[in-house]
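Enquirer: need a 3D model of the sequence below.
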Amino acid sequence: MFQGLAHLQTLQLRNNNISVIQPLTFHSLSSLQYLHLDHNSLTAVAVAEFCCSMSQLQELHLEYNNISSVASGTFGRLSQLQYLHLDHNSLAAVTDFRSLTQLLELHLNHNSISTVRPGAFQGLPQLQNLHLDHNSLTSITADFSGFPQLQELHLDHNSISTLLPAALQALPQLLILHLDHNSLTAVTASDFSGLTLLQELYLDYNNITTIQPGAFVNMSSLSILCLEFNALTALPAETHGELVPIANVYLHDNPWRCDCRLAAFRGAFTGRYMFEEQITCVSPGVFAGQRLKDLTPQQIWFNGGCTAAAIDTFQAGNSTVQLGDTIYLHCQCGAGRGGRGQSDCGERRDRSCP
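Expert: Below is the predicted model:
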């Protein structure tokens, strides 16, 4: 079909109704660098369609088709490929991109991907941008590690509820991470511990209820942190110091409960940081609609439904202890004296269970 076009560098076949590519269709296009097959009706791609004489291809556009399968090794001979667009298709799994040693950008967003098969992304040493947003992923595993040059990772608009340990720690050059619009419920101290160059972290529109102390330490380059539209009711006091170096922190639109669990965090306020302005109390009712910065820690303690912990009973045995011995106390937390409010020991119990 394309005989006599050995010097052709760009071929645009977009916006047609192409449903099948015959084997060796592009065999004679030995100088082709840019191939656009987007906005067609392809349902699958196989090895024979891109196997031969396309060693100069740099960009391949297959987005906006109906592709549901990509045969293993399909792109194996495209040794110079830098940009691959497979977004807006019907893929359910990520298979094999291991031979694309020059690939800079891989677009797999807006598919139905729920599975990333082991080794699917191995051998992509130059990859800088990976788009897996708007899919059906439920967890992040070690398959997302091992990209020494990756700078942007888009995992937003999935159903991710779990970040497995060390899943993101082998991304030494990562600058931008999108995890917004997922189902995360907690941020632990190890989730982002290896991302020392990260500049932007998007965690908004999740179901996050807990942030562990240390979640944002050793992230001196971080300038944008989005935590709005989650289920946060309180933050540890230590988190205030972790947020201070970050230029843009977004905490609004969370169901903040301004009781003893927020008192220590409020006590760290200095009035110098914008995120201190963003916490509006949703409960208890006495503080609903008020900004946390306008309340004193004392007000929160005495009017927020909390009561101080107290020892109701103490039973001592006949044992003798020496200076330096370790003793163990068994504490039972109740609702406070008189059965009203929440005791401080209850608050400590909550904070010790991430």
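Enquirer: please, where are all the strands along the stretch 51-200 of the chain?
Expert: 59-61, 69-70, 83-85, 93-94, 105-107, 115-116, 129-131, 139-140, 152-154, 162-163, 176-178, 186-187, 200-202 (DSSP state E, counting those that start in this stretch).
Enquirer: would you reformat those as JSON lines and include mean neighbour count, distance to E277 and mean pLDDT?
Expert: Every residue, glycine included, has its C-beta placed from N, CA and C. Formatted as JSON lines, the strands of the stretch 51-200 of the chain follow (neighbours: other CB atoms under 10 Å; distance: least, CB to CB, whole Å; pLDDT from 0 to 100):
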{"stretch": "strand 59-61", "mean neighbour count": "20", "distance to E277": "45", "mean pLDDT": "97"}
{"stretch": "strand 69-70", "mean neighbour count": "18", "distance to E277": "49", "mean pLDDT": "91"}
{"stretch": "strand 83-85", "mean neighbour count": "20", "distance to E277": "42", "mean pLDDT": "98"}
{"stretch": "strand 93-94", "mean neighbour count": "18", "distance to E277": "42", "mean pLDDT": "88"}
{"stretch": "strand 105-107", "mean neighbour count": "20", "distance to E277": "38", "mean pLDDT": "98"}
{"stretch": "strand 115-116", "mean neighbour count": "18", "distance to E277": "40", "mean pLDDT": "86"}
{"stretch": "strand 129-131", "mean neighbour count": "20", "distance to E277": "34", "mean pLDDT": "98"}
{"stretch": "strand 139-140", "mean neighbour count": "19", "distance to E277": "32", "mean pLDDT": "90"}
{"stretch": "strand 152-154", "mean neighbour count": "21", "distance to E277": "30", "mean pLDDT": "97"}
{"stretch": "strand 162-163", "mean neighbour count": "18", "distance to E277": "30", "mean pLDDT": "90"}
{"stretch": "strand 176-178", "mean neighbour count": "20", "distance to E277": "25", "mean pLDDT": "98"}
{"stretch": "strand 186-187", "mean neighbour count": "21", "distance to E277": "22", "mean pLDDT": "96"}
{"stretch": "strand 200-202", "mean neighbour count": "21", "distance to E277": "20", "mean pLDDT": "98"}
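Enquirer: out of those, flag the one nearest A215.
Expert: strand 186-187 (4.7 Å; CB to CB).
Enquirer: off-centre distance for the closest one?
Expert: 10 Å (CA atoms, centre = their mean, to the nearest Å).
Enquirer: just use 826 as the starting number from now, easier for me
Expert: Got it, the first residue is 826 from now on, which makes the last one we talked about strand 1011-1012.
Enquirer: which neighbours does that strand have in its sheet, and in what orientation?
Expert: strand 1035-1036 (parallel) (DSSP bridges).
Enquirer: for S897, which non-adjacent residue is closest in space?
Expert: Distance criterion CB to CB, 6 or more residues apart in numbering; nearest residue to S897, sequence neighbours excluded, is D921 at 4.5 Å.
Enquirer: residue contacts, the one you found?
Expert: Contacts of D921 were listed using CB atoms under 8 Å, 6 or more residues apart in numbering, and they are V895, S897, G898, T899, R942, G944, A945.
Enquirer: out of the strands of the stretch 876-1025 of the chain, which gets nearest to D1078?
Expert: strand 1025-1027 (14.5 Å).
Enquirer: name every strand pairing with the closest one and say which way it goes.
Expert: With DSSP bridges as the test, strand 1025-1027 is paired with strand 1001-1003 (parallel), strand 1049-1051 (parallel).
Enquirer: show me which of the contacts of D921 are buried.
Expert: The neighbour-count test (16 or more other CB atoms under 10 Å) marks V895, T899, A945 as buried among those.
Enquirer: so which of the residues you listed comes closest to L857?
Expert: T899 (16.4 Å).
Enquirer: in the chain, which helix or strand is least confident?
Expert: helix 1169-1177 (a mean of 33; mean pLDDT, DSSP states H and E).
Enquirer: so can I have a markdown table of the strands of the stretch 876-1025 of the chain showing distance to Q828?
Expert: Below are the strands of the stretch 876-1025 of the chain laid out as a markdown table (distance: least, CB to CB, whole Å):
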| stretch | distance to Q828 |
| --- | --- |
| strand 884-886 | 21 |
| strand 894-895 | 28 |
| strand 908-910 | 27 |
| strand 918-919 | 36 |
| strand 930-932 | 31 |
| strand 940-941 | 40 |
| strand 954-956 | 36 |
| strand 964-965 | 48 |
| strand 977-979 | 41 |
| strand 987-988 | 52 |
| strand 1001-1003 | 45 |
| strand 1011-1012 | 58 |
| strand 1025-1027 | 49 |
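Enquirer: quick check on L1087: phi, psi?
Expert: phi -110, psi 0 (degrees, to the nearest 10).
Enquirer: tell me the spacing between it and G1039.
Expert: With distances taken as CB to CB, to the nearest Å, L1087 is found 19 Å from G1039.
Enquirer: just N983 next, same as before
Expert: 26 Å.
Enquirer: the two: which has the busier surroundings?
Expert: Neighbour count, other CB atoms under 10 Å: between N983 and G1039, N983 has more, with 23 against 15.
Enquirer: for the more buried one, which non-adjacent residue is closest in space?
Expert: Using CB to CB, 6+ apart, the nearest residue to N983 is L962, at 4.2 Å.
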